[in-house]
Each structure stands twice: as C-alpha cells, then as structure tokens.
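# Whatever this is, show me its structure:
(chains A, B, C and D)
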Amino acid sequence: MEHSLNILAFGQASLFCGGSSFVINAALPITVDELRCLIHKKFPMMPTNYMVAIQLEYASNDQIIGDSNCEIAIIPPVSGG
Amino acid sequence: MEHSLNILAFGQASLFCGGSSFVINAALPITVDELRCLIHKKFPMMPTNYMVAIQLEYASNDQIIGDSNCEIAIIPPVSGG
Amino acid sequence: MQRSTLPNILLSIEPLDLAAVEQAVRSQSKGAHVFFSGTPRDKRDQEEVRALIFDAYEPMAMQELTKIQLRAIEVFGLDVIYIHHRLGKCFMQEHAVLVGVGAPHRRNAFEACMWIMDELKSTVPIWKKEVLTNGSFYVTAHP
Amino acid sequence: MQRSTLPNILLSIEPLDLAAVEQAVRSQSKGAHVFFSGTPRDKRDQEEVRALIFDAYEPMAMQELTKIQLRAIEVFGLDVIYIHHRLGKCFMQEHAVLVGVGAPHRRNAFEACMWIMDELKSTVPIWKKEVLTNGSFYVTAHP
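The predicted model follows:
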C-alpha cells in the first residue's frame, strides 16, 4: 500500500523542489537509500550530496522508514557559523 | 678598576635582596655568568633560576657587560597571564 | 557560583550579545575564558556582501547544539558553555555566531572552543545565504 | 577599516575592558575573532584567594609584548591584535589578562591566541602574588 511521506527540504535543496517541503509516495517500509532514489526521480536536478534526518537525527542509508508519520528532512551541506 | 653595577630585582628575587635594586661592585668587563657568581656570593639564599636582562633584553650567560651605565635586571620565573 | 538566566544554547533573530555571554561565563567559572565570534566576511570573490541570511531546521539544530554542549563539557571538563547562533538577516559587524566557554585551564578552554566551532560547522543544520550589494544572493554549494 | 584609539598593548592598574577590546577588534577585522580572558582562580591548595597583585618590569614587559604582537601578526596573518594585562591588585572576577585577535579564518585566530598566551606566560616580565583570605601572600617559585 502506498503511503505519502512528507519531506522537509532546507538550504540549497529547497531551491530544487520549489518550497520547504514536498511529498513522496512510497510503499513502506523503505530504506533511506530507496527514498533517495525516489527523490532523485522526482527532482533529477537536485544535488545528491545531502544527508537525511529522521525524527531530528541524521540517518544512515540503510536505516528503515516504516512509519509515514515520522519527520523526514533532507539536509544539504550545512553552512552555519 | 671597580665599577658599581646597579641591578634591578623583581618578583621573588626582590624578597632575597631586600628591595627592588642592589649594587654589585665588579671590574668591567664581566660576563653575565660572572655577574651571577657575584650575586650568588652576595645573596646566597637567592634562587639562581633567574634570567638576566640587559637594556630590556634577555641576555645569554656569555654576554659581556662592559658599561656600568647599562640597565641590568634579574628576572625570576615570570608568572603573568 | 550564581546561575545565569541566559540560555546556554540559543538560536536568535535578534543581534547576539557578547557582553551578556562574557558576564555569564565569568559569573560561573574561574580561570580561563575563551570567546569566539564569527562576523560576516565582506567579500564574495570580487562582489561586496551586504548581509547574510541564516535559515535553520530549528528543532534539529537545537538538538545538535545540545549534543555539542554536553559532549564539550564531558570531554574538555568545561565549567560553562554558551553557543549562540544568529538566524535571519545578519549585517556586517553583527555576530553570526558566538561561543563562550570557561575552564580551569586555558588549553582546555581553547581546544573546546575550536572543537565546538568545527562541530557546529559540520553538523548543525543551519544554512547561510549571502546578500550581495548588486541585489543577488549567493548560496554555497560546498561550504 | 576605521582605526581605534584603544592601545594594542596595555599594562593597566585600572580594570580591563573586554567590551572595548571586542569593539576595537570588530571594527578592524571581518571573519573570525577570538578573545581570551584569564581571571584569578579562587583557591590555592585549600586556602581561599582574595585577590592577585601583579608587578611588572614595565619597559621590558612593554617591549616583550610588542615583540609578541609583531610576531603574531606576521606568523598568523592577523588583521588586528590586542594584549592587555592588569597590574596592581586584581580582584576575583576581574580580568588579569585580555587578548583579542581578528583574522580572516578561525583556525589562525585560535592558534594565534593560544600562542600569544603561551609566549606571554613564558617571556613577559610580570609577576603574580596571591593574597589569601587569611592575610598571607603566596608567591609562585616555579609557575
């Protein structure tokens, strides 16, 4: 069954998805790596050098997303300081 | 001919010579090392772990003091900061 | 030592206040205090920069800053630590970031402050846009 | 950049002013600013320290501090540097020493500030007496 994942986008990434968030439809569970592929299909111009954060924590590429309510964000290279 | 060398004393050193300066009589020229021996004779209790400064510059032990008017100081281990 | 009401971790759209940080560090630590302030550089290549705009993923940035705070206290034995970061528009001569630490010995205070800035610049989700005087924006792709 | 009237090298029997140093650094440098403040520790072994008294061989101390200033600018590429040291009686929570530096990049600013303090503590003819609350003095033989 397809779920709608709401993805927050920050920094440079938001320039490529036209806003501060977008939706990816996916059959859960999926890995972070699989999510990256879906994002790349949707926004082929978006640089792929971002990290993914799940529930405010950096996630590894093999981490599993099983809940469509968890907060997911794409974190391009940071530039604070 | 004997000259009178006026020596400035700072920090711990001044506790052993009873003030902020004292006089050493010496036949010039002498080296810094020779001056140290004369100071040690005059104040045997004074710790010898001091540096000597001549004209506001740290002096090596073989440096020569030829002029009784130069400013000589004994600089015990510093503790600023 | 008296407690201060200044928050140890702060993301603020108001100008940051080094005097307040310094006062708070001094009231809670004896010995060595090190402060870091980052202010915007005024040139991007040949172009003049007029201001920075900082955006953050605020809840995650707060959480990452708190991790840095706790780890720095543990590793460097700090008495006290403040990490304040500006959000929104930051003009030249305003602090983009302020770090203040207090430790019994200066080596730890310096190393903690350097480590904090290295971590902040690599992990905390904050992004900078440079506003150029010609009206355009510059967004760093590889900071 | 505007010039400041604050002396870059200062030995002062008046309390030192971090805000003034910070303001002066900020007006003359963009990028990374690092400040070090040393305040008296409040314990000597088990005994409480009430104040410090600093004596200096002033003309030589000024000369040594100027050497440190010039060398730091050259080695670390600093935009600006301030080194202020307190003389006379320095109470708890007052600055015994203040260093402020500005450089284009933070690594140089941190390393310069650490190097300046290391040099100051090993070469500048200034001596500290600790005034204990029991009325006695403590003079460090091997700092």
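
# For the spatially most central residue of chain C, name its beta-bridge partners.
Of all residues in chain C, the one closest to the mean position by Cα atoms, centre = their mean is C:Val97, 3.0 Å from it. For C:Val97, the beta-bridge partners are C:Gly38, C:His85 (DSSP bridges).

# Report the contact partners of it.
By Cβ atoms under 8 Å, 6 or more residues apart in numbering or on different chains, the contact list for C:Val97 reads A:80-81, C:16, C:36-38, C:83-86, C:117, C:120. The way it works is simple: take the backbone N, C-alpha and C, and place the C-beta from them, glycine included.

# wait, which of these is closest to chain B?
For the contacts of C:Val97, the closest approach to chain B (Cβ to the nearest Cβ) belongs to C:Phe36, at 19.5 Å.

# circling back: distance of the residue nearest to the centre of chain C from C:Gln69?
14 Å (Cβ to Cβ, to the nearest Å).

# Residues that sit against both of these two, list them.
With Cβ under 8 Å, 6+ apart, C:Val97 and C:Gln69 have common neighbours C:Ile83.

# Tell me where chain C has helices.
Listed in chain order, the helices of chain C (DSSP state H) span C:18-28, C:58-76, C:106-123.

# How about the contacts made by A:Cys17?
Per Cβ under 8 Å, 6+ apart, neighbours of A:Cys17: A:9, A:42-43, A:46.

# follow-up on the earlier one: make TSV from the helices of chain C and add distance to A:Asp33, mean neighbour count and mean pLDDT to it.
What follows is those, written out as TSV (distance: least, Cβ to Cβ, whole Å; neighbours: other Cβ atoms under 10 Å in any protein chain shown; pLDDT from 0 to 100):
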stretch	distance to A:Asp33	mean neighbour count	mean pLDDT
helix C:18-28	42	19	95
helix C:58-76	21	17	98
helix C:106-123	21	20	98
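
# Save those as CSV, and put in distance to D:Ser27 too.
Shown next, in CSV, are the helices of chain C (distance: least, Cβ to Cβ, whole Å):
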stretch, distance to D:Ser27
helix C:18-28, 14
helix C:58-76, 29
helix C:106-123, 22
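
# Quick check: C:Gln63 touching A:Leu56?
Yes - at 5.2 Å, C:Gln63 counts as touching A:Leu56 under the criterion of Cβ atoms under 8 Å.

# What's the mean pLDDT across the biggest helix by length in chain A?
Secondary structure of chain A per DSSP H: the longest helix is helix A:32-42. Mean pLDDT, helix A:32-42: 98.

# CA atoms only: put that helix into PDB for me.
Listed next in PDB are the C-alpha coordinates belonging to helix A:32-42 (Å, rounded to 0.1, in the frame of the first residue of the first chain):
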ATOM      1  CA  VAL A  32      16.800   5.800   3.300                       C
ATOM      2  CA  ASP A  33      18.700   4.700   0.100                       C
ATOM      3  CA  GLU A  34      15.500   3.800  -1.600                       C
ATOM      4  CA  LEU A  35      14.000   7.100  -0.600                       C
ATOM      5  CA  ARG A  36      17.000   8.900  -2.100                       C
ATOM      6  CA  CYS A  37      16.300   7.100  -5.400                       C
ATOM      7  CA  LEU A  38      12.600   8.300  -5.400                       C
ATOM      8  CA  ILE A  39      13.700  11.900  -4.600                       C
ATOM      9  CA  HIS A  40      16.200  11.700  -7.400                       C
ATOM     10  CA  LYS A  41      13.500  10.500  -9.800                       C
ATOM     11  CA  LYS A  42      11.200  13.400  -8.800                       C
END
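
# list the helices and strands it packs on?
With contacts taken as 3 or more Cβ pairs under 8 Å, 6 or more residues apart in numbering or on different chains; DSSP states H and E, helix A:32-42 sits against strand A:21-27, strand A:51-54.

# give me the beta-bridge partners of the residue lying closest to C:Ser37 once chain neighbours are set aside?
The shortest distance from C:Ser37 to any non-neighbouring residue, by Cβ to Cβ, 6 or more residues apart in numbering or on different chains, is to D:His33 (4.3 Å). Taking DSSP bridges as the rule, D:His33 bridges to C:Ser37, D:Gly102.
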